[in-house]
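>>> Here is a sequence with its predicted model. Questions after.
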Amino acid sequence: MPSFRPRPATSLEYVAVNVSAKEAGAYINPTADTVTMAFTLNDADPVAADFKTASWETDTTTDPDTYTALCLVGPGGAVTLTPGDYSVWVKVVDTPETPIITVPGLLSVT
């Protein structure tokens, strides 16, 4: 379960979420797929406009490899958040599926 540490609204930093994908029981590399992330107040479901640009980071020192979705949050980033507690969502655009993953826990912005 991800644990987001509280951060000030004036901070510019990445929010990171590990993503794993399987096909036919085997882990696969999702980094060819487009990834976006959304941040919603009060557990609201995200709408299309909530999803912001994210990128992939790969850690090949683990087995299997670890794939992390990253979204730059704060002034000058993909999204600037006001103080509050946010649900975090990850959307991976694949064919034929486009899963939207609810990340456990809340991101607290002060």
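Perfect, thanks for sending it.
>>> low pLDDT regions in the chain?
Across the chain, the ranges flagged by pLDDT under 70 are 1-2.
>>> Which residue ranges of it form strands?
Counting by DSSP state E, the chain has strands at residues 13-19, 21-23, 26-28, 34-41, 52-53, 55-59, 66-73, 84-93, 100-109.
>>> mind listing what's buried in the second one?
For strand 21-23, the neighbour count (16 or more other CB atoms under 10 Å) marks residue 21 as buried. For the C-beta atoms, the positions are set from N, CA and C on the backbone; glycine is no exception.
>>> Which strands and helices lie in contact with it?
strand 26-28 (3 or more CB pairs under 8 Å, 6 or more residues apart in numbering; DSSP states H and E).
>>> which residues are contacting the strand it packs on?
With contacts defined as CB atoms under 8 Å, 6 or more residues apart in numbering, strand 26-28 is touched by 20-22, 64-65.
>>> Sort out which residues of that strand are buried, please.
residue 28.
>>> Okay, now the sheet partners of it, with direction.
strand 21-23 (antiparallel) (DSSP bridges).
>>> about what we covered before: any chance of CSV for the strands of the chain, columns distance to residue 7?
Converted to CSV, the strands of the chain look like this (distance: least, CB to CB, whole Å):
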stretch, distance to residue 7
strand 13-19, 7
strand 21-23, 28
strand 26-28, 31
strand 34-41, 12
strand 52-53, 16
strand 55-59, 19
strand 66-73, 8
strand 84-93, 11
strand 100-109, 6
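>>> Looking at the ones you listed, which is nearest to residue 3?
Nearest to residue 3 among those is strand 100-109; the distance by CB to CB comes to 6.2 Å.
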